[in-house]
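Peer 1: I need the structure of the sequence given here:
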Amino acid sequence: MLDDFLTRAVLAALGVALAAAPLGCLMAWRRMAFFGDATAHAAILGVALALALQGPVVLGALAVALVMGWAVAGLGGRGHGADLILAVASHSALALGLVAVSFVPTARLDLSSYLFGDILAVSVGDLAVIWGGVAVIGALVAWRWQALLLSTVSPDLARASGIDPGREGRILTVALALVVAVAIKVVGALLIGALLVVPVAAARPFARTPEAMLALGALVGCLAALGGLWGSWTLDTPAGPSIVVAAALVFALTRGASALRESMA
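Peer 2: Numbering: from 1, shown residues only. All right, here's what the predicted structure looks like:
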């Protein structure tokens, strides 16, 4: 079955959608929507370094995404404007990655697949990496869910309960960097942030508990993955952007349904 490239694409997209849902929820609650973009853009520098050194791209993207995540989190906690820091870090990291690639002529042809995704070229090895990352992220989130949730809702209450909000933030950064590393082949660095935020934003009007929002966000992400791949296959459009467009359409539908329900109440 795994010899079928479309089957591999479907499994890869579903894996990334499931991994992105809990992190997207936490980012939305913490008002860190742009944090994913900054981390994902930084991963391009890791891709360039990995291609230059002929090493594993996933490890290069993961290492640089971790460095960026911790750097931004540290600066944001020292009185700097968080939104300004994120904007500077995001654009600077992307530009630096693109400049770095210019020094690696053999990497230029591969760069577009990491910017916009190349899910139809996912191999069995890529699939193993993606689902291995999904398993690690799922175990990490399940282990720290209550602590992450409490430190997100009320850092003071978390401290009173013996939970270090800074530590939980670092755990979230590690999980986010891992999502970026495994998703970069699926939707590309420029669209990972959208896949983290859009499905949970679509689920938000209908969720009454954090766990319900997580489950609905995962469901929307999976539907967007399947719908985007179907649209890409039918209309001959790029697969990664098509997945994000499908998620945006679901978001528009849920927002419209929510507004209609409120007007009738």
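Peer 1: mind checking the SS state of T237?
Peer 2: Reducing the assignment to helix, strand or coil with DSSP: H, G, I helix; E, B strand; the rest coil, the entry for T237 is coil.
Peer 1: Confirm for me that it is in contact with G231.
Peer 2: Yes - at 6.3 Å, T237 counts as touching G231 under the criterion of C-beta atoms under 8 Å. No exception for glycine: its C-beta is placed from N, CA and C like everyone else's.
Peer 1: And the helices in the protein?
Peer 2: Under the criterion DSSP state H, helices of the chain are mapped to 5-29, 33-53, 57-76, 82-102, 108-116, 124-153, 155-160, 165-183, 192-203, 210-235, 239-264.
Peer 1: Run through the neighbouring helices and strands of the longest one.
Peer 2: Translated: helix 124-153. Using 3 or more C-beta pairs under 8 Å, 6 or more residues apart in numbering; DSSP states H and E as the contact criterion, the elements in contact with helix 124-153 are helix 5-29, helix 155-160, helix 165-183.
Peer 1: how far does it sit from the chain's center?
Peer 2: Per C-alpha atoms, centre = their mean, to the nearest Å, the displacement of helix 124-153 from the mean C-alpha position of its chain is 12 Å.
Peer 1: Next: the shortest one.
Peer 2: From the chain centre to the centre of helix 155-160 is a distance of 27 Å (C-alpha atoms, centre = their mean).
Peer 1: which residues sit against it?
Peer 2: 147, 150-151, 164-165, 168 (C-beta atoms under 8 Å, 6 or more residues apart in numbering).
Peer 1: Go through these and name the one nearest V174.
Peer 2: Of all the contacts of helix 155-160, the one sitting nearest V174 is E168; the distance, using C-beta to C-beta, is 10.7 Å.
Peer 1: Let me see the contact set for the nearest residue to that closest one once chain neighbours are set aside.
Peer 2: By the measure of C-beta to C-beta, 6 or more residues apart in numbering, the closest residue to E168 outside its immediate chain neighbours is S151, 4.2 Å from it. For S151, the contact set (C-beta under 8 Å, 6+ apart) comprises 158, 163-165, 168-169.
Peer 1: change it to 6 Å
Peer 2: Contacts for S151 (C-beta atoms under 6 Å, 6 or more residues apart in numbering) come out as 158, 163, 165, 168.
Peer 1: Could you measure from it over to R159?
Peer 2: Distance, S151 to R159, using C-beta to C-beta, to the nearest Å: 9 Å.
Peer 1: swap in G97?
Peer 2: Summarising the geometry, the distance separating G97 from R159, computed by C-beta to C-beta, is 37 Å.
Peer 1: of these two, who's got more company?
Peer 2: Neighbours of G97 and R159, each counted by other C-beta atoms under 10 Å, are more numerous for G97; the result is 24 against 14.
Peer 1: How many neighbouring residues does the closest residue to that one other than its chain neighbours have?
Peer 2: Computed as C-beta to C-beta, 6+ apart, the closest residue to G97 that is not its neighbour in sequence is I44, at 3.2 Å. The number of residues packed near I44 is 28, by other C-beta under 10 Å.
Peer 1: Most neighbours among the contacts of helix 155-160, please name it.
Peer 2: Counting neighbours by other C-beta under 10 Å, S151 leads the contacts of helix 155-160 with 26 neighbours.
Peer 1: And that one, what's its pLDDT?
Peer 2: With respect to pLDDT, S151 has a value of 90.
Peer 1: measure it to L190 for me?
Peer 2: The spacing between S151 and L190, counted by C-beta to C-beta, is 30 Å.
Peer 1: same question, L66
Peer 2: Relative to L190, L66 is positioned 20 Å away (C-beta to C-beta).
Peer 1: And R208, by the same measure?
Peer 2: From R208 over to L190 the distance is 33 Å, taken as C-beta to C-beta.
Peer 1: now swap in A63 and tell me
Peer 2: Shown here: A63 relative to L190, a distance of 20 Å by C-beta to C-beta.
Peer 1: Run through the stretch 1-150 of the chain and note the low-pLDDT ranges.
Peer 2: 1-3, 73-83, 105-110 (pLDDT under 70).
Peer 1: Great, nothing more from me.
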